[in-house]
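Colleague: here is a sequence with its predicted model. Questions after.
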Amino acid sequence: MNVNNKPIAGVIGLVYSACCYGVFLFTCLYLIGFVGSLAVPKNINDGVYMAWPAALSINSALILLFGIQHSVMARKRFKRWLTAIVPAPIERSTYVLLSSLMLAMVFWLWQPMRFNLWQVEAPWAQALLVGLFWLGWGIALVSTFLINHFELFGLKQPLDHWRAVPPQTPTFSTPLFYKRVRHPLYLGFLIAFWATPHMTAGHLLFALGMTVYLFIGARFEERDLVATFGERYRRYQKEVGMILPWTATRKKDPG
């Protein structure tokens, strides 16, 4: 059976990927509110009080589970296994969906740890930290479009399949932020997670856990990038910092 001379499976793939993207978008917006304590039913400091050892154990386990799922499913070996179960054009969408659901579980089960580590009172300092918070999210968003936002989140693959566009060979480029840092998306997250005028023990644990995950995840991701782009990416690693711009091992060659 065809729809407008296109295989029904292709149409279903497009609908599925659009739904996965919608779940991701909602989860990402909720993450902003969760971390920033903005207009969500439950933020990082909300919930019934629990003794801190239990809260620490539960929250640490949630971060660990998210990190494992997010990293393992992104590896090439897992992708090959997954595409034996789901069609290749929707593999990325499936990854995006499961990562979003795992993050939603973090929101749901997160236990508040409200001990105050700092609370900035000066209006100018509050404004500065809030500005950095939004700057971090802005850097993260722009970074996704500098590479390929719709491919990154699984919309392009089923559309190309439906249009019978052959897969393209990955190309190496360093637009804008990528000239200064290899993973500006992660840098944006770090700024957003740490920039707050009200730092509680729970917020600190979330920021620390996600920081550790982002650096470990970036290391695994770079192995795949070296395998794809070879010596060109190795030179890029030496010339440009991984997440922090000032950590490059040598300056970029002139010209």
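Modeller: Here it is on my side, so go on.
Colleague: just the strands in the stretch 151-255 of the chain please.
Modeller: 198-200 (DSSP state E, counting those that start in this stretch).
Colleague: which residues touch stretch 83-97?
Modeller: With contact meaning CB atoms under 8 Å, 6 or more residues apart in numbering, stretch 83-97 is reached by 9, 13, 16-17, 20-21, 23-24, 73-74, 79, 82, 151-155, 157-158, 160-161. The C-beta positions use only the backbone N, C-alpha and C, and glycine is treated the same way.
Colleague: meant to ask about stretch 56-75, not that
Modeller: So stretch 56-75 is contacted by 50, 78-79, 82, 95, 98-99, 102-103, 105-106, 109-111, 113, 202, 205-206, 209-210, 212-213, 216-217, 220-221, 224 (CB under 8 Å, 6+ apart).
Colleague: for the chain, give me the ranges with low pLDDT.
Modeller: Flagging of the chain using pLDDT under 70 yields the residue ranges 1-6, 250-255.
Colleague: at 80 what do you get?
Modeller: 1-7, 247-255 (pLDDT under 80).
Colleague: ok, of the contacts of stretch 56-75, which come out buried?
Modeller: 79, 82, 95, 98-99, 102-103, 106, 110-111, 113, 202, 205-206, 209-210, 213, 217, 221 (16 or more other CB atoms under 10 Å).
Colleague: quick one, helices of the stretch 101-250 of the chain?
Modeller: Here the stretch 101-250 of the chain has its helices, by DSSP state H, counting those that start in this stretch, at 123-147, 149-152, 156-162, 184-194, 201-229, 231-239.
Colleague: right, so the ones you listed: which one is the most enclosed?
Modeller: Per residue and on average, the most neighbours among the helices of the stretch 101-250 of the chain fall to helix 184-194, with a mean of 22 (mean count of other CB atoms under 10 Å).
Colleague: among the helices of the stretch 101-250 of the chain, which is nearest residue 172?
Modeller: Nearest to residue 172 among these is helix 201-229 (4.9 Å), distances taken as CB to CB.
Colleague: now the closest one and helix 231-239, what's the angle there?
Modeller: 140 degrees (axes from the mean of the first three to the mean of the last three CA atoms, to 10 degrees).
Colleague: other SSEs contacting helix 201-229?
Modeller: Contact analysis of helix 201-229 by 3 or more CB pairs under 8 Å, 6 or more residues apart in numbering; DSSP states H and E lists helix 52-72, helix 184-194, helix 231-239 as its packing neighbours.
Colleague: run the angle between it and helix 52-72 for me.
Modeller: Between helix 201-229 and helix 52-72, the angle comes out at 20 degrees (the same axes, to 10 degrees).
Colleague: could you check the angle helix 201-229 makes with helix 184-194?
Modeller: 180 degrees.
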